[in-house]
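Visitor: I'll drop the sequence and a predicted model, then ask my questions.
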Amino acid sequence: MSDLRDSLYDLRMFLTTDYPCSYLPGQQARNLVADPTAADARLYTQLAQLGFRRSGDHIYRPHCRDCVACRSLRIPVEQFQPNRSQRRIWDRNQDLAVQMIEAEFKEEHFDLYARYLGARHAGGGMDPANPENYWSFIASRWSPTALGEFRRGQQLVAVAVIDRLDNGLSAVYTFFDSLEENRSLGTFAILWQIAEAKQLQLKWLYLGYWIEQCAKMAYKSRFKPHEIFAIEHWGWLKSDD
């Protein structure tokens, strides 16, 4: 890990201004952002190993004052063992067909995204959805991004935004039909990405940030075993399971 830090020594970093935290009430957040002019797929892989994440064209990591609650979480796909609930969700969704396509704007995708935000994240800062904001969040000019389309027959029920890293896949975002709640499509999309990473002989599925105190993020820690990036140690710590 020290060799990796040394190779990034000359990379410029920028701090955003403080803004209200979306996950912990009353907290202020800010991000450390890599120089956008240096961003490319290789740098993305390097920084993902240090707990960074992509949003649009930017590679960032939370860098809040007096708070390190946001922890990057990844799954070693070869060691992953689904629990009973996850096995049931996998079986329940075997009638869905999944197709990976190159990232491109589709009205059908945006309509599903807008409905998802309205149903699940109304007032969360990302709505009302518009095509420009949607696409600037989903895609970038440099990242190797694909979209996983989940369909029942011709009906689109979910889209998973997936970045390909040198050593794994990064689950950027998933949105789905809220009327299909009994399918647990968010969990199924992660299970499918674990299987896809394994098939591609990649080591990791990066799930983004997990906050222990945030109930909305509890689902991420249920994928076991997993690893958490501990900035205090500049390394990944394995879960107890």
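Guide: Structure's in. What do you need? Numbers count the residues shown, from 1 in each chain.

Visitor: Contacts for stretch 188-207 next, please.
Guide: 48, 53, 72-78, 80, 82, 86, 89-90, 92-93, 96, 98, 100, 148, 150, 158, 160, 162, 165, 167-171, 174, 176, 220, 223, 226 (CB atoms under 8 Å, 6 or more residues apart in numbering). For every residue, glycine as well, the C-beta is placed using N, CA and C.

Visitor: ok, now with 6 Å
Guide: Identification of contacts with stretch 188-207 by CB atoms under 6 Å, 6 or more residues apart in numbering yields 48, 73-75, 77, 80, 89-90, 93, 98, 158, 160, 167-171, 174, 220.

Visitor: Which positions in that stretch come out as buried?
Guide: 188-194, 196-197, 202-207 (16 or more other CB atoms under 10 Å).

Visitor: For Glu78, report the pLDDT, please.
Guide: Per-residue pLDDT puts Glu78 at 97.

Visitor: same check, this time on Met126
Guide: 63.

Visitor: which regions of the chain sit below the pLDDT cut-off?
Guide: 1-7, 121-127, 240-241 (pLDDT under 70).

Visitor: 50 - rerun?
Guide: Along the chain, no part satisfies pLDDT under 50.

Visitor: So which residues of it form helices?
Guide: 2-7, 41-48, 84-92, 107-120, 131-138, 185-199 (DSSP state H).

Visitor: To Pro144, which of those helices lies closest?
Guide: Closest to Pro144 of the helices of the chain is helix 41-48 (CB to CB; 5.4 Å).

Visitor: so what does that closest one touch, helix or strand wise?
Guide: Where contact means 3 or more CB pairs under 6 Å, 6 or more residues apart in numbering; DSSP states H and E, helix 41-48 is not packed against any helix or strand.

Visitor: Would you mark the buried spots in it?
Guide: Those would be 41, 43-48, for helix 41-48 by 16+ other CB under 10 Å.

Visitor: can you check stretch 215-229 too?
Guide: 217, 220-221, 223, 226-229.

Visitor: what about it, start to end distance?
Guide: 19 Å (CA to CA, to the nearest Å).

Visitor: With stretch 193-212 instead?
Guide: 23 Å.
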